[in-house]
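S.K.: following is a predicted model, sequence given first.
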Amino acid sequence: GNSVTQMEGPVTLSEEAFLTINCTYTATGYPSLFWYVQYPGEGLQLLLKATKADDKGSNKGFEATYRKETTSFHLEKGSVQVSDSAVYFCALSDRGAAGNKLTFGGGTRVLVKP
Amino acid sequence: DGGITQSPKYLFRKEGQNVTLSCEQNLNHDAMYWYRQDPGQGLRLIYYSQIVNDFQKGDIAEGYSVSREKKESFPLTVTSAQKNPTAFYLCASSSPTMASNQPQHFGDGTRLSIL
């Protein structure tokens, strides 16, 4: 079956530091890959997505590249701000599966200190 | 603005009581989903619906029930059979159903607690 593994947190950084959150996946078909962000007490917001190999998703300074050869979709940001403190979820959606179901990783909490 | 509305934001349940969580969307999406999130953990799928009057069990459906009588609405009932209902519940929608490159859109969640 499908699975997503992401690095455990919390990840604590200083403002303007470089952020990387690792995400690897296992899928039987040709998945689309997503990063979602969750701020305290809220639902999930789509941060970025990539739908095929070598695609790069980007939004709000965050980037992730779909690497089929390493089955990875690592999230990066060059200079984080305090407002980036949140929980980040990597997820996949398998094109072969009915219902467009998402498989989520366990989430990575990021804390950015001033 | 289009979006997903979940209500209430906080809900309390007594032992042996059924409670219903509301989820309404005005995005004209065909598919809707319910997830459960426990502290420090990822999301687990409870039920999903691809079309009106049809729904499927997810990974943790026991103790829950749903209905999909209207495209806009997908209420979740947490029954007394759910022994550990305290959690954060998230509703999502997406369209079209068979295109996996379409993201799911989420509501702001309902936090359910046992009194």
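M.R.: Done, it's in.

S.K.: CA only for contacts and neighbour counts going forward, please
M.R.: Noted.

S.K.: could you pull out the helices in chain A for me?
M.R.: Counting by DSSP state H, chain A has no helices to list.

S.K.: chain B contacts on that one?
M.R.: A:31-34, A:41-46, A:49-51, A:89, A:93-95, A:97-101, A:104-107 (Cα under 8 Å from any Cα of the partner chain).

S.K.: repeat that for 6 Å
M.R.: For chain A, the residues in contact with chain B (Cα under 6 Å from any Cα of the partner chain) are A:32, A:42, A:43, A:44, A:51, A:93, A:95, A:99, A:100, A:106, A:107.

S.K.: for the most centrally placed residue in chain B, helix, strand, or coil?
M.R.: In chain B, the centroid-proximal residue (Cα atoms, centre = their mean) is residue B:34; its distance is 2.7 Å. Under DSSP: H, G, I helix; E, B strand; the rest coil, the three-state class of residue B:34 is strand.

S.K.: skipping adjacent residues, who's closest to it in space?
M.R.: residue B:91 (4.6 Å; Cα to Cα, 6 or more residues apart in numbering or on different chains).

S.K.: residues in contact with that neighbour?
M.R.: Listed by Cα atoms under 6 Å, 6 or more residues apart in numbering or on different chains, the contact set of residue B:91 reads B:33, B:34, B:106, B:107.

S.K.: which one of the residues of chain A next to chain B is nearest residue A:66?
M.R.: residue A:51 (7.9 Å; Cα to Cα).

S.K.: grab the nearest non-local neighbour of the closest one.
M.R.: residue A:32 (4.3 Å).

S.K.: distance from the chain centre to stretch A:61-76, please.
M.R.: Here stretch A:61-76 is found 8 Å from its chain centre; the criterion is Cα atoms, centre = their mean, to the nearest Å.

S.K.: can you confirm the residue nearest to residue B:34 is in a helix?
M.R.: No: counting by three-state DSSP, residue B:91 is not part of a helix but strand.
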